[in-house]
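Engineer: Okay, sequence plus prediction incoming.
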Amino acid sequence: MTTQSQNKLPEPTPSAWQRFKDSNIGHSFIRDRVAQISFTIFLGYVIMALFAPLIAPFDPYDPNQIDIMNSELPPSWDAENGDEQFWLGTDAQGRDLWSTILYGTRISLTIGICAVLLQATIGIIIGLIAGYRGGRVDSLLMRFADVQLSFSTMMVAIIVLAIFQASFGTELYQELAMTMLILVIGIAEWPQYARTIRASVLAEKKKEYIDAARVMGLGPIRIMFRHILPNTLSPILVISTVQVANAIISEASLSFLGLGMPVSQPSLGSLISSGFEYIFSGAWWITVIPGVILVVLVLVMNMLGDWLRDVLNPKLYKG
Amino acid sequence: MSQNQTENTTQPESLVQIRGLYKKFNISGDFLDQLKFKGGKIVREQEHVHAINGVSLDVHKGEALCVVGESGCGKSTVARTVMGLLTPSGGTISYRGERIDHLDDKALLPYRKKMQMIFQNPYASLNPRMTIGQTLEEPVRLHNPDWNAQQVRDKVHEVMFSVGIDPSWADRFAHEFSGGQRQRISIARALAVDPEFIVADEPISALDVSIQAQVLNLLMDAQEKRNLTYLFITHDLAVVEHFGTRVAVMYLGSLCELAPTKTLFATPRHPYTKALLSAIPRLQDDRPEPIKLTGEVPTPVNLPSGCVFHGRCPYVTDRCKQEIPKLITTSEGGQVACHAVEEGRI
């Protein structure tokens, strides 16, 4: 049995790069200058974070390399007091600011990405179950999400972290600071994912391929993760970029309030906070430089998120 | 043709039995939406769509039973209920004498291998994120867990080849195929587990006319080679004439008439079937004027009393308005649910 349509052989499979270039997202990326610049800068941050120990001239965690006599040196371009050794100057404890920023970026990004992974895991599982099961399970889970959303992330985080710090002591807290921040930010923001996923699941589960999978005899877990989840990835991708930026901001705010990373292991937020006391004594660089680094990182991630949302939203698709 | 085989046998073996099937859908929303303020009191009101109202059908082994009717008459709901995608509100469904409604997923698994379904929309029935190879391997792996990779691949190649899709295209995605090719792939998916009963829910209505014939021939070939039984849902009467062994005509969730295809087309008994058949466009000069029914199909939310067709029937009597007609066997070998036929008025 032959058909006309069959005789037309599709062209050979193009290479991965060619497919990316031909795809909607690749096409838009090549056209969009903002996306390209944002992506390049973000890549720069990732390289900075990954290779911090190789790039940094000093190890800010090693007390032997810190000399208190070097504290509050201005950046090296300040001809009067600047030191060739420290091109962005030093902080109040005499650490090289450039090295500290590199390590701080690493901590901020790690917390941001891990917190988002946690959010995504909880949110995706709950969203899939709520959307696919429907009915009472859906109502119950979504009311949980509403309750969680009615408390702001910062409020929950401040209360939890303050109680933890008060009951287990500052020392233990400083040891566990990173894990605690990831847990608190991760758990506080899961409804964002759960709601988005649920909405996509409701749209997807009406399609016939889900019926086909059920008729085949596949179990609900396999249908949810193998059939529905891959088809809801675009909204996940979009909110993930924005959520990483949000998590980094949350971490920075908590650190600024003294509930985040300890001074011995500063993230960008705690670095800003530690420099804040010296800003009026003229040591502006301890606050301003990490501040600029943080703002650019968050801005770039939000721009990438906006661009992804525009590209992946078929309603905004322009030829 | 396979039509004659089952007609000649005196006692055809029944594969699927549907007995007094009811299905209603609640459309009144959640609990708070159901509360209404009436006459100074708060009352809880529920509204239902009565999609199927007491349908009884037997699908005989080896036949192609076509279910026809206009949009919203419940024919797709029958198909989906038989496949276990919907739970019936009443009645039973049996497969080879075993009740299969209300079975849970695990208990249904052996029946899933025997019963498969082909869907209406070839653009929605294939997962866009899976290659067609993955799509076809999935049911084979699930139902034959002890097969090795080579056996699975061979099976997939065999079904792809048998539906006229080049097996070397297995690593392509669904969107790279045309509508007709996609429908072939979904037929291949249904055939991959070697079923004996296939429910086809308007499998060709979304295709071009030229492709419709090919897909229909493919289904008939498969029936001959693999000894399949079809429950074929359609609204295309030309297809029914070509394809069906027997035809069931549905109206507003009820079965009007059930007869062998030739009998039904030659001597329709039910007034609705007559009107339906007279509406087929034909290239004939001397054909009678099509019967024009008055009014519209009533809403399935508030079903008419008695015979569901009584509001539009030219032979209506008081009995039709009160009593629901039962299926009676006619002299031609069909079954019809009509008081007028029973009383000999038509």
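Structural biologist: Cool, the structure landed. Residues are numbered from 1 along each chain as shown, chains lettered A, B, ... in the order given.
Engineer: Now the residue nearest the centre of chain A: closest residue in space, sequence neighbours ignored.
Structural biologist: Compute the mean C-alpha point of chain A, and by C-alpha atoms, centre = their mean the closest residue is residue A:244, 1.9 Å away. Distances taken as C-beta to C-beta, 6 or more residues apart in numbering or on different chains place residue A:112 nearest to residue A:244, at 4.5 Å, with adjacent residues excluded. The way it works is simple: take the backbone N, C-alpha and C, and place the C-beta from them, glycine included.
Engineer: so what pLDDT did the residue nearest to the centre of chain A get?
Structural biologist: Note on residue A:244: pLDDT of 89.
Engineer: what do you get for residue B:210?
Structural biologist: Reported pLDDT for residue B:210: 86.
Engineer: What of residue B:86?
Structural biologist: Value for residue B:86, per-residue pLDDT: 90.
Engineer: show me the contacts for it.
Structural biologist: Contacts for residue B:86 were tallied using C-beta atoms under 8 Å, 6 or more residues apart in numbering or on different chains; they are B:23, B:77, B:80.
Engineer: Buried residues in whatever helix or strand residue A:147 lives in, which are they?
Structural biologist: Element membership for residue A:147, per DSSP states H and E: helix A:135-150. Buried residues in helix A:135-150, counted by 16 or more other C-beta atoms under 10 Å in any protein chain shown: A:138, A:141-142, A:145, A:148-149.
Engineer: cool, and stretch A:106-126?
Structural biologist: Result for stretch A:106-126 [16+ other C-beta under 10 Å]: buried residues A:106-116, A:118-120, A:122-126.
Engineer: which residues of chain B score low on pLDDT?
Structural biologist: By pLDDT under 70, the weakly predicted segments of chain B are B:1-11.
Engineer: All the strands of it, in order from the start?
Structural biologist: For chain B, applying DSSP state E gives strands covering B:14-26, B:35-38, B:41-44, B:48-60, B:64-68, B:90-95, B:98-99, B:115-118, B:197-201, B:229-233, B:246-251, B:254-260, B:328-329, B:335-336.
Engineer: How about the stretch 101-250 of chain A?
Structural biologist: Applying DSSP state E, counting those that start in this stretch to the stretch 101-250 of chain A gives no strands.
Engineer: How about the residues of it by chain B?
Structural biologist: Listed as neighbours of chain B in the stretch 101-250 of chain A under the rule C-beta under 8 Å from any C-beta of the partner chain: A:139, A:207-209, A:211-220, A:227, A:230-231.
Engineer: What about those, which are in helices?
Structural biologist: Among these, DSSP state H puts A:139, A:208-209, A:211-216, A:220 in helices.
Engineer: Any chance of a ChimeraX selection covering the buried ones in these?
Structural biologist: If you want just the buried ones from these in ChimeraX, going by 16+ other C-beta under 10 Å, the selection is:
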select /A:208,209,211,212,213,214,215,216
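Engineer: Please verify my assumption that residue A:195 contacts residue A:127.
Structural biologist: Yes - in this structure residue A:195 lies within contact range of residue A:127 using C-beta atoms under 8 Å: 6.9 Å.
Engineer: out of those two, which sits in the busier spot?
Structural biologist: Taking neighbours as other C-beta atoms under 10 Å in any protein chain shown, residue A:195 and residue A:127 compare with residue A:127 leading, 32 against 20.
Engineer: Now for that one: which residues touch it?
Structural biologist: Neighbours of residue A:127 in contact, by C-beta under 8 Å, 6+ apart: A:193-198, A:201.
Engineer: Of the residues you listed, which belong to helices?
Structural biologist: A:193-198, A:201.
Engineer: Tell me the one of those residues nearest chain B?
Structural biologist: Proximity of those to chain B (C-beta to the nearest C-beta) peaks at residue A:201, which lies at 14.1 Å.
Engineer: any idea of the pLDDT on that closest one?
Structural biologist: At residue A:201, the model reports a pLDDT of 92.
Engineer: and the gap between it and residue A:192?
Structural biologist: Here the criterion is C-beta to C-beta, to the nearest Å. By it, residue A:201 lies 15 Å from residue A:192.
Engineer: who's more crowded, the two?
Structural biologist: Ranked by neighbour count (other C-beta under 10 Å), residue A:201 and residue A:192 place residue A:201 first, with 26 against 23.
Engineer: re earlier: of the contacts of residue B:86 - the most surrounded one?
Structural biologist: Counting neighbours by other C-beta under 10 Å, residue B:77 comes out on top of the contacts of residue B:86 with 25 neighbours.
Engineer: Could you report the distance from the closest residue to it other than its chain neighbours to chain A?
Structural biologist: Excluding its sequence neighbours, the residue lying closest to residue B:77 (C-beta to C-beta, 6+ apart) is residue B:51, at 4.3 Å. Distance from residue B:51 to chain A, counting by C-beta to the nearest C-beta, to the nearest Å: 16 Å.
Engineer: quick one, what contacts residue B:51?
Structural biologist: With C-beta under 8 Å, 6+ apart, residue B:51 has these contacts: B:23-25, B:74, B:77, B:253, B:300.
Engineer: Can you add distance to residue A:95 and give those back as TSV?
Structural biologist: What follows is the contacts of residue B:51, written out as TSV (distance: C-beta to C-beta, whole Å):
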residue	distance to residue A:95
B:23	73
B:24	73
B:25	68
B:74	76
B:77	72
B:253	78
B:300	76
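Engineer: which parts of the helix or strand harbouring residue A:295 are buried?
Structural biologist: Counting by DSSP H and E, the element that carries residue A:295 is helix A:285-312. For helix A:285-312, burial by neighbour count (16+ other C-beta under 10 Å) applies to A:285-287, A:289-291, A:293-294, A:297-298, A:300-312.
Engineer: show me the contacts for the spatially closest residue to residue B:129 that is not a sequence neighbour.
Structural biologist: If the residues on either side of it in the chain are set aside, residue B:129 comes closest to residue A:230, at 4.0 Å by C-beta to C-beta, 6+ apart. Residue A:230 sits next to B:127, B:129-130 when contact means C-beta under 8 Å, 6+ apart.
Engineer: for residue B:273, same thing?
Structural biologist: B:249, B:256-257, B:264.
Engineer: And those residues, which two are furthest apart?
Structural biologist: B:256 and B:264 (10.6 Å; C-beta to C-beta).
Engineer: Can you work out which residues contact both of the two?
Structural biologist: Counting by C-beta under 8 Å, 6+ apart, the shared contacts of residue B:256 and residue B:264 are B:249, B:273.
Engineer: ok, back up a step: mind listing residues that contact the helix holding residue A:147?
Structural biologist: A:126, A:129-131, A:188, A:190-191, A:194-195, A:198, B:30.
Engineer: repeat that with 7 Å
Structural biologist: With contact meaning C-beta atoms under 7 Å, 6 or more residues apart in numbering or on different chains, helix A:135-150 is reached by A:126, A:129-130, A:191, A:194-195.
Engineer: Output those as CSV; include the columns distance to residue A:253 and pLDDT.
Structural biologist: What follows is the contacts of helix A:135-150, written out as CSV (distance: C-beta to C-beta, whole Å; pLDDT from 0 to 100):
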residue, distance to residue A:253, pLDDT
A:126, 26, 94
A:129, 32, 94
A:130, 30, 93
A:191, 20, 91
A:194, 23, 92
A:195, 23, 91
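Engineer: Chain neighbours aside, what residue packs nearest to residue 274?
Structural biologist: Let's take chain A. Using C-beta to C-beta, 6+ apart and skipping the chain neighbours, the partner closest in space to residue A:274 is residue A:263 (5.6 Å).
Engineer: Switch to chain B, please.
Structural biologist: residue B:268 (4.7 Å).
Engineer: The one you found: neighbouring residues, count only.
Structural biologist: Residue B:268: 22 neighbours (other C-beta under 10 Å).
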